[in-house]
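A.B. asks: Would you be able to build a 3D model of this:
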Amino acid sequence: MTKADIVERIHQKIGLSKKESAEMVEQVFGIMKSTLEAGEKIKIAGFGNFVVKQKADRRGRNPQTGDAITISARRILTFKPSQVLKCGINDEEE
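C.D. replies: Numbers count the residues shown, from 1 in each chain. Predicted structure coming up:
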């Protein structure tokens, strides 16, 4: 599913114009992006949690040469689905 598909579904289900639907989707994603960039967690009930985690430097190796390298520290984004979403995907009852 693409962002355009989300806009189309909002347009169909809620009845907003496509322009209004696109603006709403952009606003929601913009808020989510800025929140995650600030290192804050996003928790959406019935859906899941988005969390930014800090990874430290670590040793690795170049697979082509076998040389040892240092993989630099970085932040990563993780998503953990809620139990409700997991059950829905697996057609189970909670």
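
A.B. asks: is it true that residue 46 touches residue 82?
C.D. replies: Yes - judged on Cβ atoms under 8 Å, residue 46 makes contact with residue 82 at a distance of 5.8 Å. C-betas here are computed from N, CA, C, even on glycine.

A.B. asks: out of the two, which sits in the more crowded spot?
C.D. replies: Each of residue 46 and residue 82 has its neighbours counted (other Cβ atoms under 10 Å); residue 82 has more, 16 against 10.

A.B. asks: and the gap between that one and residue 47?
C.D. replies: Going from residue 82 to residue 47 by Cβ to Cβ, to the nearest Å gives 6 Å.

A.B. asks: per-residue confidence at residue 94?
C.D. replies: At residue 94, the pLDDT value in this model is 60.

A.B. asks: got a list of what the closest residue in space to residue 80 that isn't next to it in sequence touches?
C.D. replies: Nearest residue to residue 80, sequence neighbours excluded (Cβ to Cβ, 6 or more residues apart in numbering): residue 49, at 5.0 Å. Applying Cβ atoms under 8 Å, 6 or more residues apart in numbering, we find residue 49 in contact with 41, 42, 43, 79, 80, 82.
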